[in-house]
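Participant: what would the 3D arrangement of this be:
(chains A and B)
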Amino acid sequence: MAMTDTRPTAEATGEPTAHVEPTGLAGLIGSGDHKAVGRLFIGTSLVFGVGALVLAALARLAVVGDDGMFGAETAFRLASLSQVGLVLLAAIPLFVGIGLYVVPLQVGSSTVAFPRAAQLSYWAWLAGAVTMVGVWFADGGPAGTGETSVDLTYLSMVVVVLALLLGAVCIATTVAAMRTAGMSLDRVPMFSWSMLVATGAWLLSLPVLVANTVLVYVDTHNSGVLVGDGATAWSHLAWALVLPQVYVCAIPLLGALGDVVVTGSGARQVSRGVLMVGVGAFGALSIGGWAQFAQPDELWTNPWFVAVAVLAILPLLACLAVWATGMRGGARVSGALAVAVVGFLVLLLATVTGALFAIEQLKVQEVVDEASGLPIGLVGHANLVLGAALAGALAAIFHWGPKITGRVLNDGLGKLIAPVALLGALLWGLLPFVEGLQARFSALEDAGDALAVGSVAGAALVALALVLGIVALVGGTRGPLAEDDPWGGQTLEWATTSPPPPGNFAEPIAVRSPEPLLDPTDEPTEEAS
Amino acid sequence: MALAALGTPPAAPPRRPRVLVVGTAFVAAGIAMAFAGLFGTYLAQRAEVVAGGGTWLPEGATIPLTQPTVMMFGLVMSVVTAHWAVQAARNEDRPNTYLAIGLTLVLGVAYVNMTAYLLAQTGLEVDSQGPAVLIFTIVGAHVVLAILAMVFFGLMGFRALGGQFLGPQHDGIVASALVWDLVVALYAVIWIAIYVTK
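Facilitator: Model prediction:
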């Protein structure tokens, strides 16, 4: 070696260099780890959820009294923003976050598909969400007075939906193409299956909302000859927030409950095929893109609307029968199980109200909510579904809390959330539906204000349930360290540490059944080798 | 004896999951649904106007058929060149891969150019005519999709240039061709529903 030669660096010699994960702000913004992105989605959407529920309470309060409390314009702003917020800023992104965190672990993958796209989906969603909320508050959203604010409203909505769809593609692709060896699609854990169904339903319906929004944007930006402007234009997008489309928010609840139930029972899932078909059928019925651009007063004259409203209850009953059979041997009642059961019961009630709404003789379609301009019965139904979805998300957070935080969340808090969420969802959703029966039962005509105030209390209770969930998550960071498998779980996420390391698993895993952790210990190892 | 000495052949390497193709298929499904929504609205609005005894296209607006048909032929040709690129990439034939991608992009640019010219010739006024809003939205969205698909194809072409998407692992080119197929299929619907039916 000549004296002028410099010492070769490790890079030049091909020696491996240790990969250093970014920390601090760089780690927050630049991490492609699906767990970091999932946590960001979960935390942010919980906060947005609380805000949207406060707006929902104010929107119900706005119609109290003969002339309303805030005036028609403000009431419409509150109602429309709370509806959009609950669907696009709370329920769906909450499940996107949980899905991004849990699904790769459940299918035995070291990462989510397209991790950078998942990261982009969060930041784009956040930017769109902040813009949307800001514009709505500043100048009233779609019914705003300024052309720029209306343009920004529609633009931010498109960004929010596209960002959520990007996250959905990452989750769906992970389930479809990144499962570990031996995990055929019929062996996928129920939550991952429900996320595949949900993301499929989102991908088949939310792009229609994007297309409608672009069309409304082009029209309102010019003369409004096609759809009008303000609240009239907005009514063309309302299909995405009501029956049947609103059911897409609650599909993952079924998967979360499925995993919580089998974990609590400690036995293998019975009639797994029935459960998978049930979740798939509920997902198929929830795709509401066909209702696009229907005028609110025309939607429920559509025979397909009536059929979907009535049939949606059947898949849930099938799932209920399977879970009841599986729990005959008893089950450990955890906070997660209690909240998940509450979510399911509320969803079941929502499907009943949906079927009742479709019965023309009950005249629920005739009573219109003064705030949103939609039938009040439809608003109540959507509230029930969203209450169920939020309860399901909280159940999932408690169940997979050890993986998300590395510590066991306060189970007592979970058991407290269950009655709060149940009472809240019932008041928030059922009372407006009862209000919708005014045209059929004249005795209810004077009860409008009382029912609206009760609904306000319900929205506040659901918001309280979300706040308790946030408290549990934040408090969980100071709780006792969790074991790898604190619940005696059956699926792969419980085979790694809590929280999982970068790459999720120390070595590739092969499975031989849907419940690999219940298999004899030597079998998976043999196949893996 | 000699065969026994050789032993059994080594196990085939595990098949790499086609993540990019699967992800692109999901995206394509979403795009197809967005256009299905637009087509549904267009056809429903048109049927309503026609059922009321009116004419769909506003007075003074015309849509010539020659250009749209030439565009249809051009795009069908581009499907052939896109799949030529797929086959060439599979065979690790770089010159043919680049030639096929280049031709696909040229045909795509021709489509965008002809559409811009066509819309300028129709006499449709987007600020005062409902049908014009629908036609401009649908055709405009399709042009945007075609441009994005060309960018995707070009990007995958550059990565193939770096040797990433050639041979058995030519997923990027397959994904690009899948999106391009969708672009052409959607144009076929536009051609029939808007340009031919009028």
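Participant: buried stuff in stretch A:336-353?
Facilitator: By 16 or more other CB atoms under 10 Å in any protein chain shown, the buried positions in stretch A:336-353 come out as A:336-353. All C-beta spots, glycine's among them, are computed from the backbone N, C-alpha and C.
Participant: wouldn't A:Ile470 be in contact with A:Phe48 here?
Facilitator: No: using CB atoms under 8 Å, A:Ile470 is not in contact with A:Phe48, being 11.6 Å away.
Participant: which of the two has more neighbours?
Facilitator: A:Phe48 (23 against 17; other CB atoms under 10 Å in any protein chain shown).
Participant: which ones are touching that one?
Facilitator: A:Gly85, A:Leu89, A:Ala90, A:Pro93, A:Ala129 (CB atoms under 8 Å, 6 or more residues apart in numbering or on different chains).
Participant: work out for me the element it sits within.
Facilitator: Per DSSP states H and E, A:Phe48 falls inside helix A:34-61.
Participant: and the very next helix or strand once past that helix, what does it pack onto?
Facilitator: Following helix A:34-61 in sequence order, the next helix or strand is helix A:72-84 (DSSP H and E). With contacts defined as 3 or more CB pairs under 8 Å, 6 or more residues apart in numbering or on different chains; DSSP states H and E, the packing partners of helix A:72-84 are helix A:34-61, helix A:115-139.
Participant: output these as TSV; include the columns distance to B:Leu119 and mean pLDDT.
Facilitator: Formatted as TSV, the helices and strands packed on helix A:72-84 follow (distance: least, CB to CB, whole Å; pLDDT from 0 to 100):
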stretch	distance to B:Leu119	mean pLDDT
helix A:34-61	40	94
helix A:115-139	29	94
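Participant: deepest-packed of those helices, please.
Facilitator: The highest mean neighbour count among the helices and strands packed on helix A:72-84, using mean count of other CB atoms under 10 Å in any protein chain shown, belongs to helix A:34-61: a mean of 24.
Participant: what angle do it and helix A:72-84 make?
Facilitator: 150 degrees (axes from the mean of the first three to the mean of the last three CA atoms, to 10 degrees).
Participant: quick one: low-confidence parts of the chain?
Facilitator: Assuming you mean chain A. Residues of chain A that meet the criterion pLDDT under 70 lie in A:1-22, A:68, A:293-297, A:522-529.
Participant: nope, chain B please
Facilitator: B:1-17.
Participant: what parts of it come near chain A?
Facilitator: Neighbours of chain A within chain B, by CB under 8 Å from any CB of the partner chain: B:14, B:17-19, B:22-23, B:26-27, B:29-31, B:33-38, B:40-41, B:44-45, B:126-130, B:133-134, B:136-137, B:140-141.
Participant: repeat the analysis, applying 6 Å as the threshold.
Facilitator: Within chain B, the positions near chain A by CB under 6 Å from any CB of the partner chain are B:17, B:19, B:22-23, B:26-27, B:29-30, B:33-34, B:37-38, B:41, B:126-128, B:130, B:133, B:137.
Participant: give me the buried subset of those.
Facilitator: Buried members of the residues of chain B next to chain A, scored by 16+ other CB under 10 Å, are B:17, B:19, B:22-23, B:26-27, B:29-30, B:33-34, B:37-38, B:41, B:126, B:130, B:133, B:137.
Participant: ranges for the helices of chain B?
Facilitator: Applying DSSP state H to chain B gives helices spanning B:2-6, B:19-51, B:66-90, B:94-121, B:130-161, B:171-190.
Participant: whoops, the stretch 201-350 of chain A was the one
Facilitator: A:230-235, A:251-265, A:272-286, A:296-299, A:303-311, A:313-326, A:335-357 (DSSP state H, counting those that start in this stretch).
Participant: ok, A:Leu394 - contacts?
Facilitator: When contacts are counted by CB atoms under 6 Å, 6 or more residues apart in numbering or on different chains, A:Leu394 touches A:Val339, A:Ile417, A:Gly469.
Participant: could you do A:Gly401 as well?
Facilitator: A:Gly401 sits next to A:Leu409, A:Gly476 when contact means CB under 6 Å, 6+ apart.
Participant: quick one, the helix holding A:Phe48 and helix A:115-139 angle?
Facilitator: Per the same axes, to 10 degrees, the angle that helix A:34-61 makes with helix A:115-139 is 20 degrees.
Participant: helices of the stretch 351-500 of chain A, start to end?
Facilitator: Taking DSSP H, counting those that start in this stretch, the helices of the stretch 351-500 of chain A run over residues A:376-399, A:401-405, A:411-425, A:431-435, A:448-476.
Participant: highest mean neighbour count out of these?
Facilitator: The highest average neighbour count among the helices of the stretch 351-500 of chain A, using mean count of other CB under 10 Å, belongs to helix A:376-399 at a mean of 31.
Participant: returning to that earlier point: ranking the helices of chain B by burial, who's on top?
Facilitator: Once neighbours are counted as mean count of other CB under 10 Å, the most buried of the helices of chain B proves to be helix B:171-190, having a mean of 22.
Participant: what angle sits between that helix and helix B:130-161?
Facilitator: Here the directions of helix B:171-190 and helix B:130-161 differ by 160 degrees (the same axes, to 10 degrees).
Participant: how far off centre is stretch A:161-179?
Facilitator: 14 Å (CA atoms, centre = their mean, to the nearest Å).
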